[in-house]
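Asker: Kindly generate the corresponding structure for this input.
(chains A and B)
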Amino acid sequence: MKKVLYIIFAIAFFSACGSQEDNREGIIIHEKAADGGLRILKTSFPDFAFTNQNGDSVTQEDFKNKIYVVDFFFTRCPSICVPMAIQMKRIYTKYEGNDRIRLLSHSIDTRNDSIPDLKEYEQKLSVAAPKWNFVTGSYEEITRMAKEYMVPANVDENAPGGYNHSGKFILIDRKGQMRGFCDGTSEETVDEFIKDIDELLDER
Amino acid sequence: MKDKIIGLFLLLLAIVIAESCQSNPYKQGEALYTNFCASCHQAGGKSFEKLMPPLAQSDYLTEHKADLACIIRYGLEGEITVNGKKYNAVMGELPSLKEVEITNIINYINNSWGNNNGYTPLKEVQKSLENCDK
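Answerer: Residues are numbered from 1 along each chain as shown, chains lettered A, B, ... in the order given. So this is what the prediction gives:
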């Protein structure tokens, strides 16, 4: 009799308020080369020319010898852009005093996102260029660069807000090579991503 | 003897359940919040810069109590004022949530992070959802 009671007690104890596992899938590709360093996933990117939140031109020249993080968003995005902004702001804050780190966010809503819209978004996040550039350009140029970074980004009337786009953050090293990416909506994977940034900072 | 063991067992069971459930009684609401809301509104319902208004100790929640069900189901657009500050972000819709799930989320939010906004019964949520603007 006692045994049965213990068993019931144990079951009650473990099931009383079982916490539910969060089922969000965090994707991180943690490619390590033979020497233990971050693998080169892509060696080069084509030239680009966009306009940032201040109306200034932004090209690959602005990222020369910089380690930078790339993503795609839009200001009226109702889905993943706020979590992405929360995570990108963490990276911004961590490297605010380090001029070797830059952030580059492309608006894919080229029909609606004007330069003043990008400026307003910058102000809402309390950040500034050149550390964090929010850029716009022609739809063809933005989607062309998205393809280059291997990030889906396109008009999709069925997607929330009218655009289908990925929440990925892409990591580019100071030689302009792609060295990593992560799910920019997940705090845990961005923790790992920040370690990758630190690793690139240590590279000579 | 048997009665004593059973009595002791029931007492312990009561303590265990009371202890483990004391933090927040709206367990489903908490799980749904974590899955559907927390990536923007964050675990503590806190604000994010000037982009995301707070849910914790937010006057918007108490002033728009009857609108919460519609907001959760259909999202929200346009400028709003929360605790004296203006916000203008687009909140997405969650059409897949059932009425009872929306009720549980409302009650979790209304009774977490220092909020003490009372209990909203399912019937009230159903009534609100019949009269959404969209």
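
Asker: So which bits of stretch A:153-166 are buried?
Answerer: A:153, A:160-163, A:165-166 (16 or more other CB atoms under 10 Å in any protein chain shown). Where C-beta positions appear, they are placed from N, C-alpha and C, glycine not excepted.

Asker: what two of those residues are the furthest from one another?
Answerer: A:Gly162 and A:Ser166 (15.5 Å; CB to CB).

Asker: Tell me where chain A has helices.
Answerer: Using DSSP state H, the helices of chain A run over residues A:2-15, A:81-94, A:115-125, A:139-148, A:187-202.

Asker: now do chain B
Answerer: Using DSSP H, helices in chain B cover B:2-21, B:27-36, B:38-41, B:59-63, B:68-74, B:99-110, B:122-130.

Asker: Show me the one of these that comes nearest A:Asp198.
Answerer: Of the helices of chain B, nearest to A:Asp198 by CB to CB is helix B:38-41, at 24.7 Å.

Asker: from chain A, which residue is nearest to chain B?
Answerer: A:Pro78 (3.5 Å; CB to the nearest CB).

Asker: Tell me who's in contact with that residue.
Answerer: Shown in contact with A:Pro78 (CB atoms under 8 Å, 6 or more residues apart in numbering or on different chains): A:160-161, B:75, B:90-93.

Asker: Select only the buried ones of these in PyMOL?
Answerer: The PyMOL command for the buried members of the contacts of A:Pro78 (criterion: 16+ other CB under 10 Å) is given here:
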select buried, (chain A and resi 160+161) or (chain B and resi 75+90+91+92+93)
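
Asker: Around B:Ile80, how many other residues sit close by?
Answerer: Neighbours of B:Ile80 under the rule other CB atoms under 10 Å in any protein chain shown: 16.

Asker: Identify the residues contacting it.
Answerer: Here B:Ile80 is in contact with B:53, B:60, B:86-88 (CB under 8 Å, 6+ apart).

Asker: so which of the residues you listed is the most crowded?
Answerer: Of all these, B:Pro53 has the most neighbours under the rule other CB under 10 Å, reaching 23 neighbours.

Asker: Name the residues linked to the nearest residue to it once chain neighbours are set aside by a beta bridge.
Answerer: Of all residues not flanking B:Pro53 in the chain, B:Val82 sits nearest, at 3.9 Å (CB to CB, 6 or more residues apart in numbering or on different chains). When assigned by DSSP bridges, B:Val82 has beta-bridge partners B:Lys85.

Asker: Make sure B:Val82 is actually in contact with B:Leu51.
Answerer: No. With contact defined as CB atoms under 8 Å, B:Val82 does not count as touching B:Leu51 (11.9 Å).

Asker: of those two, who's got more company?
Answerer: Between B:Val82 and B:Leu51, counted using other CB under 10 Å, the more crowded position is B:Leu51 (21 against 18).

Asker: Nearest spatial neighbour of the more buried one, chain-adjacent residues omitted?
Answerer: Closest residue to B:Leu51 apart from its sequence neighbours, by CB to CB, 6+ apart: A:Lys124 at 4.6 Å.

Asker: do A:Thr43 as well
Answerer: In space, A:Thr43 comes closest to A:Gln177 once its chain neighbours are excluded; the distance is 5.4 Å by CB to CB, 6+ apart.

Asker: Need the pLDDT of that neighbour.
Answerer: According to the prediction, A:Gln177 has pLDDT 96.

Asker: That one: what's it in contact with?
Answerer: Taking CB under 8 Å, 6+ apart, one finds A:40-44 in contact with A:Gln177.

Asker: In CSV, list those along with neighbour count and distance to B:Gln28.
Answerer: Formatted as CSV, the contacts of A:Gln177 follow (neighbours: other CB atoms under 10 Å in any protein chain shown; distance: CB to CB, whole Å):
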residue, neighbour count, distance to B:Gln28
A:Ile40, 13, 47
A:Leu41, 16, 41
A:Lys42, 14, 44
A:Thr43, 9, 50
A:Ser44, 10, 50
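
Asker: Quickly list what the closest residue to A:Leu41 other than its chain neighbours is bridged to.
Answerer: In space, A:Leu41 comes closest to A:Met178 once its chain neighbours are excluded; the distance is 4.5 Å by CB to CB, 6+ apart. Here A:Met178 sits in beta bridges with A:Lys42, A:Ile172, as judged by DSSP bridges.

Asker: Repeat that for A:Cys182.
Answerer: Residues in beta-bridge contact with A:Cys182 (DSSP bridges): A:Ile28, A:Phe169.
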